[in-house]
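Engineer: what's the 3D shape of this:
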Amino acid sequence: MKFKITLLSIFWLLLLTISCNRDEISFDAPSQELRFNRDTIFCDTVYHQVRSETYAVKVYNNEDKDVMIPRINLEKGAASLYKINVDGKPGYDFRDVPLRKKDSLFIFVEIAPTASGPEAIAEDRILFTSPAGQQHVNLFSVVQDAEFFIQTPTNQNIITSNTNWTNTKAKIIYGNLTLDNGIALNVQSGTKIYFHKNSGMKISQGASLNLNGTQTQQIIMRGDRNDTYYDTIPNNWNSVKMEAGSIVNMNHTRLFGGINGLEMKQATANINNSFIHNFLDNGIYAIASTVNAKNLVMNNCGDACVSIFKGGNHSYIHSTIANYSNLLQSRNRLGIFATNEWKNQSGQTEQGALQQLNIWNSIVYSDKNNSVSFEQTPGQQFDFSIRNSLLKYSGTSEAGFPFDNNPVYVIQSLKNEDPKFINFFAAQMNLRVKADSPARNKGNASIAASVPTDIVGTTRTTNTTLGAYQ
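Structural biologist: All right, here's what the predicted structure looks like:
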């Protein structure tokens with residue numbers, strides 16, 4: 001009678017063979033120190049009772065023999081704020097951990113702390129004890145206390161009365177947080193506002209968001225993933241959506257890392273000494289709106305740093321609007337786009353007058369051929385003024401108006417001269433200009449007098465440099 005070997009039989013035979021071979025392995029105590037792929041794990045900033053992402057330490061056995069590591073443990077034991085998983089097993093103290101010769105194992109680390117104050121440092125060490133000596137890997141994280149705003153089917157997450165936010169706790173938003181009609185939210189300097197993925201803020205009709213940062217204590221608005229990797233990429237949250245008649249007053253605020261920054265419709269934004277950068281689509285998306293910006297720095301936005309639809313009233317004085325990106329190279333990445341038209345949700349085209357677009361003592365530049373694109377609708381008002389500014393533009397006219405030497409629309413401005421930023425890419429963005437930049441000493445003194453100090457407090461009333469930095 002023939003014997004038929006099934007796949008199941010083969011599986012059990014292989015398993016038996018592997019088990020026998022494992023039993024025959026002889027593990028010795030390490031005679032050399034272990035090697036690690038890192039000596040310190042800096043976890044992202046974590047919040048009260050919120051688990052961090054998982055980090056990995058790789059442990060290498062460089063010896064020509066299989067070793068048994070006598071002990072791997074967290075120095076603070078069960079009291080540690082950290083949790084580790086050694087070779088697939090969770091715990092805080094592990095004995096006799098095998099490691100084959102020239103092989104490695106993973107130790108996974110995470111933290112989910114309970115905050116005891118506004119901000120603290122969580123430290124511990126993973127200890128490796130063997131006859132070769134004691135080694136360690138440092139664990140480090142900033143822990144913040146936090147206040148949560150969570151939208152659910154039974155909680156629409158609406159602020160219904162005038163509210164003050166202090167900087168004693170980080171604010172973490174899940175879903176949409178809405179300011180009700182006519183309500184004011186005042187945010188104290190140093191406050192950190194974090195948005196979970198697919199979350200945002202809505203400012204209803206007549207409501208106002210007042211962001212009262214200072215030079216030494218900025219307000220931060222960003223996604224809730226604080227690992228360094230997320231500092232430089234967009235699309236981590238949605239936007240601040242502003243309905244008709246709403247107002248944002250922004251001073252010393254850093255807004256970054258979402259889909260759109262300010263998403264405005266017949267709204268007003270007064271922006272001073274602030275940064276808006278790293279957005280998938282637009283830093284400012286304005287429909288028939290008003291923006292008054294001084295000492296504004298922008299960079300790295302997929303469609304445009306500023307997109308103006310259906311006209312409006314815009315002023316960018318001593319602003320640096322750059323658009324460079326390794327990540328968003330395939331996008332238009334304009335500095336400023338302006339048009340009289342806008343298509344509503346029904347697909348119908350609406351039109352409005354561009355009452356004024358002032359670009360004064362500013363820089364609008366990118367690594368694309370154009371940093372500005374104006375589309376004037378015939379018969380619609382389209383007034384702009386470019387004074388003592390430096391722009392990147394490859395054509396010869398804008399919106400039907402000559403760019404060069406036009407005493408009405410373009411005055412004493414520079415075209416296509418590299419501003420020589422110190423560093424324009426997102427990882428280490430520094431949009432100051434170098435000593436030999438053509439933007440130096442080109443500013444209009446009377447315009448500078450209206451913004452006498454730059455974004456970091458340096459006086460600019462003499463030898464005025466274009467842009468947000470003197």
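
Engineer: dump the residue contacts of the residue nearest the centre of the chain.
Structural biologist: Averaging the C-alpha coordinates of the chain gives a centre point, and the residue nearest to it by C-alpha atoms, centre = their mean is residue 257 (3.3 Å). When contacts are counted by C-beta atoms under 8 Å, 6 or more residues apart in numbering, residue 257 is found next to 222-223, 230-231, 233-237, 278-279. For every residue, glycine as well, the C-beta is placed using N, CA and C.

Engineer: pLDDT below threshold where in the chain?
Structural biologist: With pLDDT under 70 as the threshold, the chain has low-confidence stretches at 1-25, 115-118, 395-406, 426-427.

Engineer: show me the helices in it, by range?
Structural biologist: Under the criterion DSSP state H, the chain carries helices at the ranges 7-23, 445-450.

Engineer: and the strands in the stretch 351-470 of the chain?
Structural biologist: Listed in chain order, the strands of the stretch 351-470 of the chain (DSSP state E, counting those that start in this stretch) span 354-360, 363-366, 372-375, 382-387, 390-391, 397-398, 401-402, 410-411, 414-415, 421-423, 430-433.

Engineer: note down every partner strand of the last one and its orientation.
Structural biologist: To tie it back to what came earlier, the one meant is strand 430-433. strand 421-423 (antiparallel) (DSSP bridges).

Engineer: show residues contacting the partner strand.
Structural biologist: Contacts made with strand 421-423 from outside it, assessed by C-beta under 8 Å, 6+ apart, are listed as 322, 429-434.

Engineer: tell me how far stretch 424-433 lies from the chain's centre.
Structural biologist: Taking C-alpha atoms, centre = their mean, to the nearest Å, one finds stretch 424-433 lying 14 Å from the centre of the chain it belongs to.

Engineer: buried stuff in that stretch?
Structural biologist: With burial defined by 16 or more other C-beta atoms under 10 Å, the residues of stretch 424-433 counted as buried are 424-426, 429, 431-433.

Engineer: so which of those is the closest to residue 453?
Structural biologist: Taking C-beta to C-beta as the measure, residue 453 sits nearest to residue 432 out of the buried residues of stretch 424-433, at 14.7 Å.

Engineer: burial count for the residue nearest to the closest one when sequence neighbours are not counted?
Structural biologist: Spatial nearest neighbour of residue 432, chain neighbours left out: residue 469 (4.4 Å); criterion: C-beta to C-beta, 6 or more residues apart in numbering. Residue 469 has 22 neighbours, counted by other C-beta atoms under 10 Å.

Engineer: which ones are touching residue 469?
Structural biologist: With C-beta under 8 Å, 6+ apart as the criterion, the residues that contact residue 469 are 320, 431-433, 454-456, 458.

Engineer: could you redo those as TSV and give each row distance to residue 200?
Structural biologist: What follows is these, written out as TSV (distance: C-beta to C-beta, whole Å):
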residue	distance to residue 200
320	26
431	26
432	31
433	34
454	31
455	26
456	29
458	34
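
Engineer: which of those sits closest to residue 382?
Structural biologist: In terms of C-beta to C-beta, no member of these lies closer to residue 382 than residue 320, at 24.4 Å.

Engineer: OK, contacts around the residue nearest to residue 139 when sequence neighbours are not counted?
Structural biologist: If you skip the residues right next to it in sequence, residue 139 has residue 124 as its closest partner in space, 4.6 Å away by C-beta to C-beta, 6+ apart. By C-beta under 8 Å, 6+ apart, residue 124 lies in contact with 74-76, 80-82, 139.

Engineer: among the residues you listed, which ones are in strands?
Structural biologist: Using DSSP state E, the members of the contacts of residue 124 that fall within strands are 74, 82, 139.
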